[in-house]
Structures are given as structure tokens and as C-alpha cells.
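> Sequence first, then the predicted structure, then my questions.
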Amino acid sequence: MSPRVGTSHRSLSMPTFPYTSGQGALTQTFAQLRKGAPSKIDASYLQRFNIAPANESYILSILRFLGIIDEDGTRPDGSSDYLFGNDDAFKTGLESAIRSSYSQLFEEMNDALQSDRD
């Protein structure tokens, strides 16, 4: 089966990414984590602060995808230290985590933008 006109073979293999329906719960999560985070972050941690009630799994999936926690909810050593720095360190660290985690998406976007210019 050949791809439709205007699509590429690479776009057919694009992975799915974790998501949440709004930014509020994610913003709350980062605000709470910046105040201090336990060594393990799970649904009960989010519930304690009333973050994403009944939707904790979406937030946890995003935190895993960004490398802030592992599959067990444990924070890997050093990987999320930027959460506890000043605002500039936080912004830089989060940007780096996002760019790294979504690198394939950024590459696809750059390819698409480049082909539009050509």
C-alpha cells in the first residue's frame, strides 16, 4: 500500500505522545514539584494536592515521558534537579527535557517547514 499524496513514510511511524486535556493540572504539578518533591511521585502524591483528580495517570505519563520519573514513579538521580533551581534554571531544564523527549517531533516539524520553503 502506498502512502497518500503529501505524506511521507516517516510520518507513518510517528509515535503517539502523552497528553492532557488542559495545561492547568500540569502547571499545578510543576508548581508543587518545585516546592519539593518526594523520591517517589505517584497518584497518591498528586491526590494529596488535589492535582488532576481522576486523571492522575495522564500527568504521570507526561512526567515519565519527560524523564522526571521512571516507571515506578522514582525520580532518577540528577535528571530533574532543574525543578529546584531558580526560574531560569527551571525554564532551561524543562526546555531541554521537552526537546529531548519530543526530538522526533521537532525533527519532523523542521523537515516539514523546510519542505514548505523549498
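Yes, it's here.
> Can you tell me the element the closest residue to residue 38 other than its chain neighbours falls in?
Leaving out its chain neighbours, the residue that sits closest to residue 38 by C-beta to C-beta, 6 or more residues apart in numbering is residue 45, at 6.4 Å. Yep, even glycine has a C-beta here, placed from its N, CA and C like the rest. Element membership of residue 45 [criterion: DSSP states H and E] is helix 43-48.
> And for residue 109?
Using DSSP H and E, residue 109 falls in helix 103-117.
> Report the mean confidence score over that helix.
Regarding helix 103-117, the rounded mean pLDDT is 76.
> One more: stretch 30-50?
The model assigns stretch 30-50 a mean pLDDT of 94.
> quick one, helices of the protein?
Remark: helices assigned in the chain by DSSP state H are 9-12, 24-35, 43-48, 56-65, 87-101, 103-117.
> would a markdown table of the ones you listed with distance to residue 79 be doable?
Formatted as a markdown table, these follow (distance: least, C-beta to C-beta, whole Å):
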| stretch | distance to residue 79 |
| --- | --- |
| helix 9-12 | 28 |
| helix 24-35 | 13 |
| helix 43-48 | 17 |
| helix 56-65 | 11 |
| helix 87-101 | 8 |
| helix 103-117 | 16 |
